[in-house]
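Novice: Structure for the following, please:
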Amino acid sequence: REVVVETIVETIEAGPFEQAGNLSIARDRIYGHHDGMANVYDVIKPANANGSAVLYMVSGGWFSRWAPPEQRAAQFKPLLDAGITVIPVHHGSAPRFKVPEAHADVKRALRHVSKYASAYNVDPDRIGVFGGSAGGHLSLMLGLNGDDGNPAATDPVEQGAARIKAVVAYFPPVDLRSLTGPNDRFPALDFPQDQAAAISPILFVDENDPPTLIVHGDADELVDISSGQSIHDALQVAGAETKMVIIEGGDHGFTNPEHRAEAYAEMVAFFRDQL
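Specialist: As a prediction, the model looks like this:
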């Protein structure tokens, strides 16, 4: 197994990037497998990369839809212009895979990115994460439930740390204990209720959590603003660094372009300060 791992390291370090305009892209980096299917992330590095990186949770309703990194790059332009490398992470998707498996996937992706950070010209101590809705939930789980890995693991990736320096979550569900069960709209929530506490960010808050920005609209009819407010309040009480931005009239997904721009500007400024 060690020989195989060394071969992978050498392949990655040999130059995974291809040029796409003024961007360097490493596409479809395999970080794990589920039922014979590969889980992947992309690395989108700007010409002015400063060593920091942000993982983007590709997740809406815990569906993780693939798109070419060149297509996603336009969405990330403000972050890329700030010199931040962006890493879209795809997890095992609903309806086949449920929320606990999605969380396990993205946590492994973080370990993998940290392990091979030097190949991507990324500082493993300057990694942030962001996402919206289900992606916001996964972002909070990565930030608030970090660990230093399992040195006894036979899998070298699982030996590595899963630590985040800063979190941005848009309109996140934070307590899944009352949401589990059969669900036509969100089939990823159909898992045993006794597993929900282990993936509810509100239960992982403590004073050692990384700086966290919550952005929520006060007109959100899918994830009520009380959800974002509750995690922000809990972080404050614990003594962790946190900020909440309320978008007046903002709905779920910030479908109004002005609301979306306001939220994105807050996120970019936060990551520039924290990373």
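Novice: which is the next helix or strand following the lowest-mean-pLDDT helix or strand in the chain?
Specialist: None of the helices or strands of the chain scores lower by mean pLDDT, DSSP states H and E than helix 2-13, at a mean of 38. On the C-terminal side of helix 2-13, the closest following helix or strand by DSSP states H and E is strand 18-20.
Novice: in stretch 252-267, what's buried?
Specialist: Of the residues in stretch 252-267, His252, Gly253, Phe254, His259, Glu262, Ala263, Tyr264, Glu266, Met267 count as buried by neighbour count, 16 or more other Cβ atoms under 10 Å. Glycine gets a C-beta too; all of them are placed from N, C-alpha and C.
Novice: And the helices in the protein, which stretches?
Specialist: 2-13, 69-73, 77-81, 99-115, 134-144, 156-159, 225-238, 257-274 (DSSP state H).
Novice: So what touches the third one?
Specialist: Counting contacts by Cβ atoms under 8 Å, 6 or more residues apart in numbering, the residues outside helix 77-81 that touch it are Leu23, Ile44, Pro46, Asn48, Val54, Ala73, Val86, Tyr264, Ala265, Met267, Val268, Phe271.
Novice: If any of those residues are buried, put those into a PyMOL selection.
Specialist: Those of the contacts of helix 77-81 that count as buried under 16+ other Cβ under 10 Å are selected in PyMOL with:
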select buried, resi 23+44+46+54+73+86+264+267+268+271
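Novice: on that earlier part again, mind putting the helices of the chain in a markdown table, distance to Tyr31 included?
Specialist: Below are these laid out as a markdown table (distance: least, Cβ to Cβ, whole Å):
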| stretch | distance to Tyr31 |
| --- | --- |
| helix 2-13 | 11 |
| helix 69-73 | 15 |
| helix 77-81 | 21 |
| helix 99-115 | 4 |
| helix 134-144 | 14 |
| helix 156-159 | 7 |
| helix 225-238 | 27 |
| helix 257-274 | 22 |
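Novice: List just the one of those helices that sits closest to Asp209.
Specialist: Asp209 lies closest to helix 134-144 among the helices of the chain, at 5.1 Å (Cβ to Cβ).
Novice: So which elements touch the closest one?
Specialist: strand 53-58, helix 99-115, strand 127-132, strand 166-170, strand 212-217 (3 or more Cβ pairs under 8 Å, 6 or more residues apart in numbering; DSSP states H and E).
Novice: got the contact list for His87?
Specialist: One correction, residue 87 is Ile, not His. By Cβ under 8 Å, 6+ apart, the neighbours of Ile87 are Tyr41, Asp42, Val43, Ile44, Ala53, Val54, Leu55, Tyr56, Val113, Tyr120.
Novice: so it bridges to which residues?
Specialist: Leu55 (DSSP bridges).
Novice: packing partners for the longest strand belonging to the chain?
Specialist: Of all the segments assigned as strand in the chain under DSSP state E, the longest by residue count is strand 23-34. Applying 3+ Cβ pairs under 8 Å, 6+ apart, one finds that strand 23-34 makes contact with strand 18-20, strand 37-46, helix 69-73, helix 99-115.
Novice: Strand 37-46 and the longest one, what's the angle between them?
Specialist: It refers to helix 99-115. Helix 99-115 runs at 50 degrees relative to strand 37-46, counting by axes from the mean of the first three to the mean of the last three Cα atoms, to 10 degrees.
Novice: quick check: angle from helix 99-115 to helix 134-144?
Specialist: Using the same axes, to 10 degrees: helix 99-115 against helix 134-144 is 60 degrees.
Novice: got the CA coordinates for helix 99-115 in PDB?
Specialist: Written as PDB, here are the backbone C-alpha positions of helix 99-115 (Å, rounded to 0.1, in the frame of the first residue of the first chain):
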ATOM      1  CA  VAL A  99     -26.300  13.300   4.900                       C
ATOM      2  CA  PRO A 100     -24.000  11.300   7.100                       C
ATOM      3  CA  GLU A 101     -22.200   9.900   4.100                       C
ATOM      4  CA  ALA A 102     -22.000  13.400   2.500                       C
ATOM      5  CA  HIS A 103     -20.300  14.700   5.700                       C
ATOM      6  CA  ALA A 104     -17.800  11.800   5.700                       C
ATOM      7  CA  ASP A 105     -17.000  12.400   2.100                       C
ATOM      8  CA  VAL A 106     -16.200  16.100   2.500                       C
ATOM      9  CA  LYS A 107     -14.200  15.500   5.600                       C
ATOM     10  CA  ARG A 108     -12.100  13.100   3.700                       C
ATOM     11  CA  ALA A 109     -11.700  15.600   0.900                       C
ATOM     12  CA  LEU A 110     -10.400  18.100   3.400                       C
ATOM     13  CA  ARG A 111      -7.800  15.600   4.700                       C
ATOM     14  CA  HIS A 112      -6.800  14.800   1.100                       C
ATOM     15  CA  VAL A 113      -6.400  18.500   0.100                       C
ATOM     16  CA  SER A 114      -4.300  19.100   3.300                       C
ATOM     17  CA  LYS A 115      -2.100  16.100   2.500                       C
END
